[in-house]
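1. okay, sequence plus prediction incoming.
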Amino acid sequence: MRYSVKPRRLKEGSTVMLIAPSAPPGYPGSGSTLNIGIDYLRRKGLKVMLGDTVKFALNRGFHSASDEVRARDIMNAFTRDDVDAVWCLRGMSGAFRVIRLLDYEVIKEHPKVLVGFSDITALQTAVYAKAGVPSLQAPMLDLNVTPSETGLSRFKRDTDTALSILKGEVMELKPLQDGPFPRVITPGKASGVMIGGNLLKFLLPQSIPSFKINPEGKVLFIEEIALQIHRFDEYLTALGLLGILGGVNAIVYGEIPELREWQVGGSIVESIIDATKTYNPNAPSFLNYPCCHGGDQQGLNTYPVPLGINVEVNADDATVIMKEALVE
């Protein structure tokens, strides 16, 4: 079998394995979207297989299982010949704990797209840093929200886009008509390999030399949950001090919600603009790419972000243009 770091593309009848490498399905709540998500993938012509962390999930603290069981489920998903892609159910916490337990040489020999966002960023970052395998930030199937017409419409829109990318389409990811209004920080265009994801979950592996990604020639995507402004500012400053924020060719910031409770002054937007101008004032950059924790009470915007492949950022148009396919 020919070796390639790029995963194989999905097609009619491909099998997706669902895993829960972080929090268990339905935590904390009913997991009301899970069956909807599974049914939607099946209606799109995919076969769905459940990993052990889904079938036998335990509420072990706030994780679906022990570190060893979750790591084993991840490795099983990558090594099975009858699995074509690995789709995570939800985030929250736990992925960073298992990156030390994965066999990246084996993952490199069995490349598959790892789909998810939020806490899954730690796994996606590790898989790229250690094995060179690309991944996709995209909707997860158990977001523990009450389905609404708007929320389901967004889920289907973003999942359809993700599936197009997983089937090999090279896309221009433009602002959404019903998404957040983009804001240019620094105009211009620049290209590079896309890295990043959730701010904290990307930052944590960068503190470990063996998982640190060289930012030179890269494009950085950053998003986050609603955080107290001083926490967010400290995390972003850490990226600057590590040389990552200033070392990339361009920066894309997601639709990051403001946390009004306990807000001591300032805003996330002000923090982002200040850090960007401080550490990388000439890099094309913009705010409000519609992924991954943004949205409203009707549902999230989880427009896909391809990681580990070459893209061009057009900050003037707030567009991310794929320069190659994520899969082959």
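-> All right, it came through fine.
2. got the contact list for the lengthiest helix in the chain?
-> The helix that spans the most residues within the chain, counting by DSSP state H, is helix 149-166. By C-beta atoms under 8 Å, 6 or more residues apart in numbering, the residues outside helix 149-166 that reach it are 9-10, 33, 36-37, 40-41, 44, 85, 113, 115, 136, 138-139, 145, 171, 173, 176, 178, 291, 295, 298-304, 306, 322, 326-327. The C-beta positions use only the backbone N, C-alpha and C, and glycine is treated the same way.
3. state the pLDDT value of residue 150.
-> Here, the pLDDT recorded for residue 150 equals 86.
4. counting neighbours, what do you get for it?
-> Residue 150 has 14 neighbours, counted by other C-beta atoms under 10 Å.
5. then residue 129?
-> For residue 129, using other C-beta under 10 Å, the count is 21.
6. got the contact list for it?
-> Counting by C-beta under 8 Å, 6+ apart, residue 129 makes contact with 205, 210, 211, 212, 213.
7. let's see which of these end up in helices.
-> residue 205.
8. coming back round to it: pairing partners for the helix or strand that comes right after the longest helix of the chain, with directions?
-> Next helix or strand after helix 149-166 toward the C-terminus (DSSP states H and E): strand 172-173. Paired with strand 172-173 in the same sheet, following DSSP bridges, are strand 319-322 (antiparallel).
9. okay, helices next: where are they in this structure?
-> Per DSSP H, the chain carries helices over the ranges 34-43, 52-55, 67-79, 95-98, 104-109, 121-131, 149-166, 199-206, 229-241, 268-279.
10. in the stretch 101-250 of the chain, which ranges drop under the pLDDT threshold?
-> 143-147 (pLDDT under 70).
11. quick revisit: tell me the most buried of the helices of the chain?
-> helix 121-131 (a mean of 26; mean count of other C-beta atoms under 10 Å).
12. put the alpha carbons of the longest helix of the chain into PDB.
-> Provided in PDB are the C-alpha atoms of helix 149-166 (Å, rounded to 0.1, in the frame of the first residue of the first chain):
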ATOM      1  CA  GLU A 149     -34.800  25.300  13.400                       C
ATOM      2  CA  THR A 150     -31.900  27.800  13.200                       C
ATOM      3  CA  GLY A 151     -29.500  25.600  15.100                       C
ATOM      4  CA  LEU A 152     -30.200  22.500  13.000                       C
ATOM      5  CA  SER A 153     -29.900  24.600   9.800                       C
ATOM      6  CA  ARG A 154     -26.500  25.800  10.900                       C
ATOM      7  CA  PHE A 155     -25.400  22.300  11.800                       C
ATOM      8  CA  LYS A 156     -26.500  20.900   8.400                       C
ATOM      9  CA  ARG A 157     -24.800  23.800   6.600                       C
ATOM     10  CA  ASP A 158     -21.500  23.400   8.400                       C
ATOM     11  CA  THR A 159     -21.600  19.600   8.300                       C
ATOM     12  CA  ASP A 160     -22.300  19.700   4.500                       C
ATOM     13  CA  THR A 161     -19.300  22.000   4.000                       C
ATOM     14  CA  ALA A 162     -17.100  19.700   6.200                       C
ATOM     15  CA  LEU A 163     -18.200  16.600   4.100                       C
ATOM     16  CA  SER A 164     -17.400  18.400   0.900                       C
ATOM     17  CA  ILE A 165     -13.800  19.000   2.200                       C
ATOM     18  CA  LEU A 166     -13.600  15.400   3.400                       C
END
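13. for stretch 278-287, which positions count as buried?
-> Across stretch 278-287, burial judged by 16 or more other C-beta atoms under 10 Å covers 279, 280, 283, 284, 285, 286, 287.
14. and the last one, how far is that from residue 129?
-> For residue 287, the distance to residue 129 under the criterion C-beta to C-beta, to the nearest Å works out to 26 Å.
15. how close does residue 109 sit to residue 308?
-> 17 Å.
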